[in-house]
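J.: coords please:
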Amino acid sequence: MAEDFWGKIYAELHENEDFLRLVLIDTSEKDIISWIKPNPALNISCGRFIRKGCINDRQALEKAFFNYARQNQPLRKIILFNWVEKNPETMKLPSLALDEEIKKQIYKGIFGPPLKIRIMSHIDPRDGARSFYRTFLAEYPEVSATESVVAVAIPEQLSDDNVTAASEKRIQELETALKQVKTENKDLRKLLENRTSENSCQNKKLQEIQEQLRYAKEESDCLLRENSGLKSRLEFLQKLSDEIKPSNRDNSTTPEDVQETILELKHKISLVQKALDNRNSTIERLESEKADLRALIKEHEDKSSQVKNLQKMLENSNLSATETEEYVGQLLTIVKNDSGKIRWLFISTNGRHFYLLPEIVEKAHAVIDEYCLLSLDRQNNPVSLKALELSCK
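T.: A predicted model of the protein is given here:
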(Lines give C-alpha, C1' and ligand atoms only; values in the text may rest on other atoms or scores of the structure.)
Protein backbone atom coordinates (compact mmCIF):
# COMPACT_ATOMS: atom_id res chain seq x y z
CA MET A 1 0.00 0.00 0.00
CA ALA A 2 2.83 2.40 0.83
CA GLU A 3 4.44 1.73 -2.54
CA ASP A 4 1.17 2.43 -4.37
CA PHE A 5 0.71 5.62 -2.34
CA TRP A 6 4.15 7.02 -3.14
CA GLY A 7 4.09 5.60 -6.67
CA LYS A 8 1.21 7.91 -7.64
CA ILE A 9 2.97 10.92 -6.11
CA TYR A 10 6.29 10.16 -7.85
CA ALA A 11 4.51 9.55 -11.16
CA GLU A 12 3.15 13.12 -10.99
CA LEU A 13 6.45 14.60 -9.80
CA HIS A 14 8.69 13.28 -12.58
CA GLU A 15 6.37 15.00 -15.05
CA ASN A 16 6.61 18.33 -13.17
CA GLU A 17 9.33 20.34 -14.95
CA ASP A 18 9.58 23.11 -12.34
CA PHE A 19 10.03 20.54 -9.59
CA LEU A 20 12.64 18.57 -11.58
CA ARG A 21 14.61 21.79 -12.27
CA LEU A 22 14.90 22.35 -8.50
CA VAL A 23 15.99 18.74 -7.99
CA LEU A 24 18.62 19.05 -10.74
CA ILE A 25 19.99 22.23 -9.11
CA ASP A 26 20.33 20.32 -5.82
CA THR A 27 22.08 17.35 -7.51
CA SER A 28 25.86 17.03 -7.17
CA GLU A 29 28.23 17.40 -10.13
CA LYS A 30 29.49 13.86 -9.59
CA ASP A 31 26.00 12.37 -10.03
CA ILE A 32 25.24 14.47 -13.13
CA ILE A 33 28.55 13.51 -14.77
CA SER A 34 27.92 9.82 -13.96
CA TRP A 35 24.66 10.04 -15.94
CA ILE A 36 26.20 11.87 -18.90
CA LYS A 37 29.36 9.82 -19.59
CA PRO A 38 27.71 6.42 -20.33
CA ASN A 39 24.97 7.99 -22.51
CA PRO A 40 26.36 8.81 -26.02
CA ALA A 41 23.47 11.08 -27.01
CA LEU A 42 23.57 12.94 -23.69
CA ASN A 43 27.36 13.14 -23.86
CA ILE A 44 27.21 14.84 -27.27
CA SER A 45 24.92 17.62 -26.00
CA CYS A 46 26.42 18.03 -22.50
CA GLY A 47 29.96 16.64 -22.68
CA ARG A 48 31.40 19.92 -23.97
CA PHE A 49 30.61 21.54 -20.59
CA ILE A 50 32.76 18.99 -18.71
CA ARG A 51 36.51 19.30 -18.53
CA LYS A 52 38.82 17.02 -16.56
CA GLY A 53 35.96 15.63 -14.48
CA CYS A 54 34.50 19.05 -13.58
CA ILE A 55 31.59 21.10 -14.94
CA ASN A 56 32.89 24.40 -16.30
CA ASP A 57 29.49 25.95 -17.16
CA ARG A 58 26.77 24.67 -14.80
CA GLN A 59 24.02 26.92 -16.20
CA ALA A 60 24.56 25.84 -19.81
CA LEU A 61 24.90 22.18 -18.82
CA GLU A 62 21.66 22.21 -16.81
CA LYS A 63 19.83 23.77 -19.76
CA ALA A 64 21.14 21.16 -22.25
CA PHE A 65 20.60 18.33 -19.76
CA PHE A 66 16.99 19.29 -19.06
CA ASN A 67 16.20 19.68 -22.78
CA TYR A 68 17.27 16.06 -23.20
CA ALA A 69 15.42 14.89 -20.06
CA ARG A 70 12.12 16.30 -21.41
CA GLN A 71 12.11 13.51 -24.01
CA ASN A 72 13.48 10.80 -21.71
CA GLN A 73 11.17 9.64 -18.90
CA PRO A 74 13.65 7.07 -17.44
CA LEU A 75 16.18 9.86 -16.98
CA ARG A 76 13.57 12.03 -15.19
CA LYS A 77 12.87 9.12 -12.84
CA ILE A 78 16.60 8.75 -12.16
CA ILE A 79 16.84 12.46 -11.26
CA LEU A 80 13.94 12.16 -8.80
CA PHE A 81 14.84 8.86 -7.13
CA ASN A 82 18.53 9.81 -6.87
CA TRP A 83 17.50 12.87 -4.83
CA VAL A 84 15.16 10.78 -2.64
CA GLU A 85 17.99 8.30 -1.99
CA LYS A 86 20.64 10.97 -1.28
CA ASN A 87 18.45 13.00 1.15
CA PRO A 88 17.18 10.57 3.81
CA GLU A 89 17.02 13.26 6.55
CA THR A 90 14.83 15.55 4.48
CA MET A 91 12.64 12.60 3.41
CA LYS A 92 11.75 12.03 7.10
CA LEU A 93 9.55 15.17 7.12
CA PRO A 94 6.39 13.59 5.61
CA SER A 95 6.35 11.04 8.45
CA LEU A 96 6.76 13.67 11.21
CA ALA A 97 4.08 15.83 12.75
CA LEU A 98 4.80 19.53 12.09
CA ASP A 99 4.71 20.58 15.74
CA GLU A 100 6.67 23.48 17.17
CA GLU A 101 9.75 21.38 17.86
CA ILE A 102 9.95 20.07 14.28
CA LYS A 103 9.39 23.58 12.89
CA LYS A 104 12.28 24.90 14.99
CA GLN A 105 14.50 22.12 13.63
CA ILE A 106 13.49 23.04 10.07
CA TYR A 107 14.44 26.67 10.68
CA LYS A 108 17.77 25.54 12.15
CA GLY A 109 18.51 23.55 8.99
CA ILE A 110 18.39 20.10 10.62
CA PHE A 111 16.47 18.77 7.62
CA GLY A 112 18.55 20.66 5.06
CA PRO A 113 18.83 24.17 3.55
CA PRO A 114 15.80 26.08 2.17
CA LEU A 115 16.33 24.59 -1.30
CA LYS A 116 15.73 21.06 0.02
CA ILE A 117 12.66 22.25 1.99
CA ARG A 118 11.32 23.84 -1.21
CA ILE A 119 11.72 20.49 -3.00
CA MET A 120 10.06 18.68 -0.08
CA SER A 121 7.08 21.05 -0.31
CA HIS A 122 6.31 19.41 -3.68
CA ILE A 123 6.81 15.87 -2.36
CA ASP A 124 4.95 16.11 0.98
CA PRO A 125 1.33 15.11 0.17
CA ARG A 126 -0.21 16.42 3.40
CA ASP A 127 -2.63 19.29 2.88
CA GLY A 128 -2.06 20.52 6.44
CA ALA A 129 1.69 20.93 5.79
CA ARG A 130 1.29 23.23 2.79
CA SER A 131 0.48 26.35 4.84
CA PHE A 132 3.67 25.87 6.87
CA TYR A 133 5.76 25.40 3.69
CA ARG A 134 4.32 28.59 2.19
CA THR A 135 5.09 30.52 5.39
CA PHE A 136 8.60 29.13 5.63
CA LEU A 137 9.50 29.62 1.94
CA ALA A 138 8.10 33.16 1.89
CA GLU A 139 11.05 34.15 4.08
CA TYR A 140 13.56 32.93 1.44
CA PRO A 141 13.98 34.11 -2.15
CA GLU A 142 13.16 31.84 -5.05
CA VAL A 143 16.13 29.67 -6.03
CA SER A 144 17.60 30.60 -9.39
CA ALA A 145 18.14 28.00 -12.09
CA THR A 146 21.77 29.06 -12.26
CA GLU A 147 22.51 28.08 -8.63
CA SER A 148 23.58 24.69 -7.32
CA VAL A 149 22.81 23.88 -3.68
CA VAL A 150 22.58 27.52 -2.52
CA ALA A 151 19.48 29.18 -1.13
CA VAL A 152 19.96 32.82 -2.14
CA ALA A 153 19.13 33.66 -5.74
CA ILE A 154 21.49 35.63 -8.00
CA PRO A 155 20.55 37.62 -11.08
CA GLU A 156 20.46 35.57 -14.27
CA GLN A 157 22.00 38.35 -16.32
CA LEU A 158 24.50 41.10 -15.62
CA SER A 159 23.42 44.71 -15.77
CA ASP A 160 24.34 46.84 -18.78
CA ASP A 161 26.99 48.64 -16.72
CA ASN A 162 28.63 45.35 -15.73
CA VAL A 163 28.56 44.14 -19.34
CA THR A 164 30.16 47.38 -20.51
CA ALA A 165 32.82 47.19 -17.81
CA ALA A 166 33.55 43.56 -18.68
CA SER A 167 33.79 44.44 -22.38
CA GLU A 168 36.18 47.30 -21.71
CA LYS A 169 38.31 45.06 -19.50
CA ARG A 170 38.41 42.41 -22.23
CA ILE A 171 39.38 45.02 -24.84
CA GLN A 172 42.22 46.24 -22.61
CA GLU A 173 43.42 42.68 -22.13
CA LEU A 174 43.38 42.07 -25.89
CA GLU A 175 45.22 45.34 -26.57
CA THR A 176 47.85 44.42 -23.96
CA ALA A 177 48.22 40.96 -25.48
CA LEU A 178 48.55 42.48 -28.97
CA LYS A 179 51.25 44.88 -27.78
CA GLN A 180 53.11 41.99 -26.19
CA VAL A 181 52.91 39.99 -29.42
CA LYS A 182 54.18 42.96 -31.44
CA THR A 183 57.08 43.42 -29.00
CA GLU A 184 57.98 39.76 -29.21
CA ASN A 185 57.65 39.93 -32.99
CA LYS A 186 60.04 42.90 -33.11
CA ASP A 187 62.57 41.09 -30.92
CA LEU A 188 62.33 38.01 -33.11
CA ARG A 189 62.88 40.08 -36.25
CA LYS A 190 65.95 41.68 -34.72
CA LEU A 191 67.28 38.31 -33.61
CA LEU A 192 66.59 36.87 -37.05
CA GLU A 193 68.47 39.72 -38.75
CA ASN A 194 71.47 39.10 -36.48
CA ARG A 195 71.30 35.39 -37.17
CA THR A 196 70.98 36.00 -40.91
CA SER A 197 74.03 38.29 -40.89
CA GLU A 198 75.96 35.76 -38.84
CA ASN A 199 74.84 33.01 -41.21
CA SER A 200 76.10 35.01 -44.19
CA CYS A 201 79.51 35.37 -42.55
CA GLN A 202 79.52 31.69 -41.72
CA ASN A 203 78.70 30.81 -45.34
CA LYS A 204 81.61 32.89 -46.54
CA LYS A 205 83.89 31.29 -43.98
CA LEU A 206 82.59 27.87 -44.96
CA GLN A 207 83.49 28.48 -48.59
CA GLU A 208 87.02 29.43 -47.54
CA ILE A 209 87.25 26.32 -45.36
CA GLN A 210 86.04 24.10 -48.20
CA GLU A 211 88.63 25.64 -50.51
CA GLN A 212 91.36 25.03 -47.93
CA LEU A 213 90.11 21.48 -47.48
CA ARG A 214 90.26 20.86 -51.24
CA TYR A 215 93.79 22.28 -51.43
CA ALA A 216 94.89 20.20 -48.42
CA LYS A 217 93.48 17.07 -50.02
CA GLU A 218 95.34 17.74 -53.26
CA GLU A 219 98.55 18.34 -51.36
CA SER A 220 97.97 15.19 -49.28
CA ASP A 221 97.47 13.10 -52.45
CA CYS A 222 100.60 14.57 -53.97
CA LEU A 223 102.62 13.79 -50.84
CA LEU A 224 101.27 10.24 -50.78
CA ARG A 225 102.40 9.71 -54.38
CA GLU A 226 105.79 11.23 -53.58
CA ASN A 227 106.02 9.06 -50.47
CA SER A 228 105.33 5.97 -52.57
CA GLY A 229 108.10 6.97 -54.98
CA LEU A 230 110.56 7.50 -52.12
CA LYS A 231 109.72 4.09 -50.69
CA SER A 232 110.38 2.46 -54.07
CA ARG A 233 113.70 4.31 -54.39
CA LEU A 234 114.72 3.31 -50.85
CA GLU A 235 113.97 -0.33 -51.57
CA PHE A 236 116.00 -0.13 -54.76
CA LEU A 237 119.01 1.43 -52.97
CA GLN A 238 118.86 -1.14 -50.18
CA LYS A 239 118.73 -3.93 -52.72
CA LEU A 240 121.65 -2.41 -54.62
CA SER A 241 123.67 -2.08 -51.41
CA ASP A 242 123.09 -5.72 -50.58
CA GLU A 243 124.20 -6.82 -54.04
CA ILE A 244 127.60 -5.11 -53.78
CA LYS A 245 129.96 -7.81 -52.57
CA PRO A 246 133.78 -8.21 -52.80
CA SER A 247 133.38 -11.16 -55.16
CA ASN A 248 131.71 -8.96 -57.77
CA ARG A 249 134.17 -6.11 -57.77
CA ASP A 250 136.29 -5.34 -60.82
CA ASN A 251 140.00 -6.18 -60.83
CA SER A 252 140.75 -2.50 -61.06
CA THR A 253 138.51 -1.65 -58.05
CA THR A 254 140.28 -1.40 -54.75
CA PRO A 255 138.72 -2.22 -51.35
CA GLU A 256 138.85 1.47 -50.52
CA ASP A 257 136.63 2.26 -53.55
CA VAL A 258 134.09 -0.36 -52.52
CA GLN A 259 134.02 0.98 -48.96
CA GLU A 260 133.54 4.51 -50.22
CA THR A 261 130.65 3.39 -52.47
CA ILE A 262 128.98 1.63 -49.56
CA LEU A 263 129.28 4.74 -47.35
CA GLU A 264 127.85 6.89 -50.11
CA LEU A 265 124.91 4.53 -50.56
CA LYS A 266 124.26 4.50 -46.80
CA HIS A 267 124.27 8.30 -46.78
CA LYS A 268 121.71 8.40 -49.60
CA ILE A 269 119.54 5.85 -47.77
CA SER A 270 119.67 8.06 -44.66
CA LEU A 271 118.60 11.12 -46.67
CA VAL A 272 115.70 9.20 -48.28
CA GLN A 273 114.58 7.89 -44.86
CA LYS A 274 114.63 11.42 -43.44
CA ALA A 275 112.62 12.74 -46.38
CA LEU A 276 110.14 9.89 -45.89
CA ASP A 277 109.76 10.75 -42.20
CA ASN A 278 109.12 14.42 -43.08
CA ARG A 279 106.43 13.40 -45.56
CA ASN A 280 104.72 11.22 -42.92
CA SER A 281 104.70 14.13 -40.42
CA THR A 282 103.20 16.43 -43.07
CA ILE A 283 100.46 13.88 -43.86
CA GLU A 284 99.55 13.55 -40.16
CA ARG A 285 99.37 17.36 -39.81
CA LEU A 286 97.07 17.63 -42.87
CA GLU A 287 94.81 14.87 -41.54
CA SER A 288 94.47 16.77 -38.23
CA GLU A 289 93.62 20.00 -40.10
CA LYS A 290 91.04 18.10 -42.15
CA ALA A 291 89.32 16.88 -38.96
CA ASP A 292 89.21 20.47 -37.61
CA LEU A 293 87.68 21.69 -40.87
CA ARG A 294 84.97 19.01 -40.72
CA ALA A 295 84.11 20.11 -37.16
CA LEU A 296 83.74 23.71 -38.37
CA ILE A 297 81.39 22.54 -41.15
CA LYS A 298 79.27 20.65 -38.60
CA GLU A 299 79.05 23.77 -36.38
CA HIS A 300 77.92 25.83 -39.37
CA GLU A 301 75.16 23.30 -40.17
CA ASP A 302 73.89 23.52 -36.55
CA LYS A 303 73.70 27.32 -36.76
CA SER A 304 71.82 27.08 -40.06
CA SER A 305 69.26 24.84 -38.33
CA GLN A 306 68.87 27.46 -35.54
CA VAL A 307 68.16 30.15 -38.13
CA LYS A 308 65.43 28.00 -39.70
CA ASN A 309 63.81 27.49 -36.26
CA LEU A 310 63.84 31.26 -35.65
CA GLN A 311 62.19 31.85 -39.01
CA LYS A 312 59.47 29.37 -38.07
CA MET A 313 58.96 31.13 -34.69
CA LEU A 314 58.64 34.46 -36.52
CA GLU A 315 55.98 33.02 -38.83
CA ASN A 316 54.05 31.71 -35.81
CA SER A 317 54.27 35.08 -34.06
CA ASN A 318 52.98 36.86 -37.21
CA LEU A 319 50.08 34.43 -37.27
CA SER A 320 49.31 35.05 -33.57
CA ALA A 321 49.25 38.81 -34.16
CA THR A 322 46.37 38.42 -36.63
CA GLU A 323 44.23 36.29 -34.32
CA THR A 324 41.49 38.14 -32.47
CA GLU A 325 39.23 35.52 -30.87
CA GLU A 326 39.58 32.12 -29.19
CA TYR A 327 37.09 29.42 -28.22
CA VAL A 328 37.37 26.37 -26.00
CA GLY A 329 35.47 23.30 -27.20
CA GLN A 330 35.59 19.75 -28.54
CA LEU A 331 36.14 18.04 -31.87
CA LEU A 332 32.97 15.96 -32.34
CA THR A 333 33.16 14.22 -35.72
CA ILE A 334 34.22 14.35 -39.37
CA VAL A 335 31.63 15.60 -41.88
CA LYS A 336 31.42 16.40 -45.58
CA ASN A 337 30.26 19.76 -46.89
CA ASP A 338 28.04 20.36 -49.92
CA SER A 339 31.00 20.01 -52.30
CA GLY A 340 31.98 16.66 -50.75
CA LYS A 341 35.11 17.95 -49.00
CA ILE A 342 36.00 16.59 -45.55
CA ARG A 343 35.76 18.96 -42.58
CA TRP A 344 36.01 18.54 -38.78
CA LEU A 345 33.04 19.71 -36.67
CA PHE A 346 34.18 21.78 -33.65
CA ILE A 347 31.61 22.74 -30.94
CA SER A 348 32.60 25.47 -28.46
CA THR A 349 31.51 25.46 -24.82
CA ASN A 350 29.11 28.31 -25.51
CA GLY A 351 27.34 26.37 -28.28
CA ARG A 352 29.00 27.85 -31.39
CA HIS A 353 30.12 25.42 -34.09
CA PHE A 354 32.86 25.71 -36.70
CA TYR A 355 34.05 23.54 -39.59
CA LEU A 356 37.83 23.06 -39.62
CA LEU A 357 40.18 22.04 -42.43
CA PRO A 358 41.88 18.65 -41.85
CA GLU A 359 45.30 20.35 -42.02
CA ILE A 360 44.51 22.48 -38.92
CA VAL A 361 43.48 19.40 -36.89
CA GLU A 362 46.47 17.32 -38.06
CA LYS A 363 48.88 20.09 -37.13
CA ALA A 364 47.43 20.18 -33.57
CA HIS A 365 47.56 16.35 -33.23
CA ALA A 366 44.04 16.51 -31.75
CA VAL A 367 41.53 13.61 -31.58
CA ILE A 368 37.75 13.27 -31.32
CA ASP A 369 36.19 14.42 -27.98
CA GLU A 370 39.43 16.15 -26.95
CA TYR A 371 39.17 19.68 -25.54
CA CYS A 372 40.97 22.20 -27.72
CA LEU A 373 41.54 25.95 -28.06
CA LEU A 374 40.39 27.30 -31.45
CA SER A 375 41.78 30.63 -32.70
CA LEU A 376 40.00 32.77 -35.31
CA ASP A 377 41.32 35.59 -37.47
CA ARG A 378 39.64 39.00 -37.79
CA GLN A 379 37.19 37.53 -40.34
CA ASN A 380 36.20 34.76 -37.85
CA ASN A 381 37.90 32.09 -39.96
CA PRO A 382 39.60 29.24 -38.03
CA VAL A 383 43.37 29.58 -38.29
CA SER A 384 44.85 27.37 -35.57
CA LEU A 385 43.96 24.70 -33.02
CA LYS A 386 45.70 23.74 -29.80
CA ALA A 387 45.01 20.46 -27.99
CA LEU A 388 44.54 21.54 -24.35
CA GLU A 389 44.55 18.06 -22.82
CA LEU A 390 47.78 17.24 -24.66
CA SER A 391 49.49 20.43 -23.37
CA CYS A 392 48.50 19.62 -19.78
CA LYS A 393 50.24 16.26 -19.81
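J.: can you count the residues close to residue 135?
T.: Here the count is done by other C-beta atoms under 10 Å, and residue 135 has 10 residues near it. For the C-beta atoms, the positions are set from N, CA and C on the backbone; glycine is no exception.
J.: and residue 130, what element?
T.: helix 127-138 (DSSP states H and E).
J.: Same check on residue 340?
T.: With DSSP H and E as criterion, residue 340 is part of no helix or strand.
J.: cool, the one 4 residues further on as well?
T.: Under the assignment given by DSSP H and E, the secondary-structure element containing residue 344 is strand 342-348.
J.: Okay, now the sheet partners of that strand, with direction.
T.: Partners of strand 342-348 in the sheet, by DSSP bridges, are strand 323-336 (antiparallel), strand 353-356 (antiparallel).
J.: quick one: buried residues of that strand?
T.: Using 16 or more other C-beta atoms under 10 Å as the test for burial, strand 342-348 gives 343-344, 346-348.
J.: all helices for the protein, in order.
T.: Remark: helices assigned in the chain by DSSP state H are 2-13, 17-25, 29-36, 40-46, 58-69, 73-86, 100-108, 114-123, 127-138, 160-243, 255-322, 358-364, 388-392.
J.: Tell me how far the closest residue in space to residue 133 that isn't next to it in sequence lies from residue 136.
T.: The shortest distance from residue 133 to any non-neighbouring residue, by C-beta to C-beta, 6 or more residues apart in numbering, is to residue 121 (3.8 Å). Going from residue 121 to residue 136 by C-beta to C-beta, to the nearest Å gives 8 Å.
J.: What of residue 330?
T.: 43 Å.
J.: between those two, which one's more packed in?
T.: residue 330 (21 against 17).
J.: For the more buried one, name its beta-bridge partners.
T.: Note on residue 330: beta-bridge partners by DSSP bridges are residue 347, residue 371.
J.: same deal with the one 4 residues further on?
T.: Residues found in beta-bridge contact with residue 334 (criterion: DSSP bridges) are residue 344.
J.: Next, the contact list for it, please.
T.: Residue 334 makes contacts with 342-345, as judged by C-beta atoms under 8 Å, 6 or more residues apart in numbering.
J.: Tell me the pLDDT of it.
T.: Note for residue 334: predicted pLDDT of 87.
J.: go on, residue 316?
T.: pLDDT, read off for residue 316, is 59.
J.: Equivalent analysis for the one 10 residues further on, please.
T.: According to the model's per-residue confidence, residue 326 sits at a pLDDT of 86.
J.: That one contacts residue 380, correct?
T.: No - counting by C-beta atoms under 8 Å, residue 326 sits too far from residue 380 to count as a contact (11.6 Å).
J.: circling back: ok, the buried residues of strand 342-348 vs residue 297, which is closest?
T.: Comparing those against residue 297 with C-beta to C-beta places residue 344 closest, at 44.7 Å.
J.: gap between the closest one and residue 10?
T.: On the measure of C-beta to C-beta, residue 344 and residue 10 end up 44 Å apart.
J.: Residue 121 now?
T.: Per C-beta to C-beta, residue 121 is found 15 Å from residue 10.
J.: repeat for residue 84
T.: With C-beta to C-beta as the criterion, residue 84 and residue 10 are 8 Å apart.
J.: and what of residue 256?
T.: 140 Å.
J.: Mind checking which of those two has more residues around it?
T.: Shown here are residue 256 and residue 10; by other C-beta under 10 Å, residue 10 has more neighbours (16 against 8).
J.: Could you double-check that the more buried one lies in contact with residue 83?
T.: No - assessed by C-beta under 8 Å, residue 10 is found out of contact with residue 83, at 11.0 Å.
J.: isn't residue 213 right next to residue 293, touching?
T.: Yes - with contact defined as C-beta under 8 Å, residue 213 reaches residue 293; the gap is 4.8 Å.
J.: Could you list the low-confidence segments of the stretch 101-250 of the chain?
T.: Across the stretch 101-250 of the chain, the ranges flagged by pLDDT under 70 are 141-167, 170, 243-250.
J.: and with 90 instead?
T.: By pLDDT under 90, the weakly predicted segments of the stretch 101-250 of the chain are 102-104, 106-112, 119-250.
J.: residue contacts, the residue lying closest to residue 122 once chain neighbours are set aside?
T.: Excluding the flanking residues, the one nearest residue 122 by C-beta to C-beta, 6+ apart is residue 19, at 4.6 Å. Counting by C-beta under 8 Å, 6+ apart, residue 19 touches 13, 119, 122.
J.: what's stretch 236-243 in contact with?
T.: Against stretch 236-243 from outside (C-beta under 8 Å, 6+ apart): 262, 265-266, 268-269, 272.
J.: List the buried residues of that stretch.
T.: residue 237.
J.: same deal with stretch 206-221?
T.: So, applying 16+ other C-beta under 10 Å, buried residues of stretch 206-221: 206, 209, 213, 216, 220.
J.: right, and the last one touches residue 283 too?
T.: If I follow you right, that is residue 220. Yes - in this structure residue 220 lies within contact range of residue 283 using C-beta under 8 Å: 6.1 Å.
J.: thinking again about what came up before, can you list the strands paired with strand 342-348 in JSON lines and add distance to residue 103?
T.: Output for the strands paired with strand 342-348, formatted as JSON lines (distance: least, C-beta to C-beta, whole Å):
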{"stretch": "strand 323-336", "distance to residue 103": "48"}
{"stretch": "strand 353-356", "distance to residue 103": "52"}
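J.: Which among the ones you listed is found nearest to residue 190?
T.: Of all those, strand 323-336 comes closest under C-beta to C-beta, at 22.6 Å.
J.: Next, the angle from that closest one to helix 160-243.
T.: With axes from the mean of the first three to the mean of the last three C-alpha atoms, to 10 degrees defining the directions, strand 323-336 sits at 80 degrees from helix 160-243.
J.: tell me which residues of strand 323-336 are tucked away?
T.: Residues of strand 323-336 classed as buried by neighbour count (16+ other C-beta under 10 Å): 323, 327-332.
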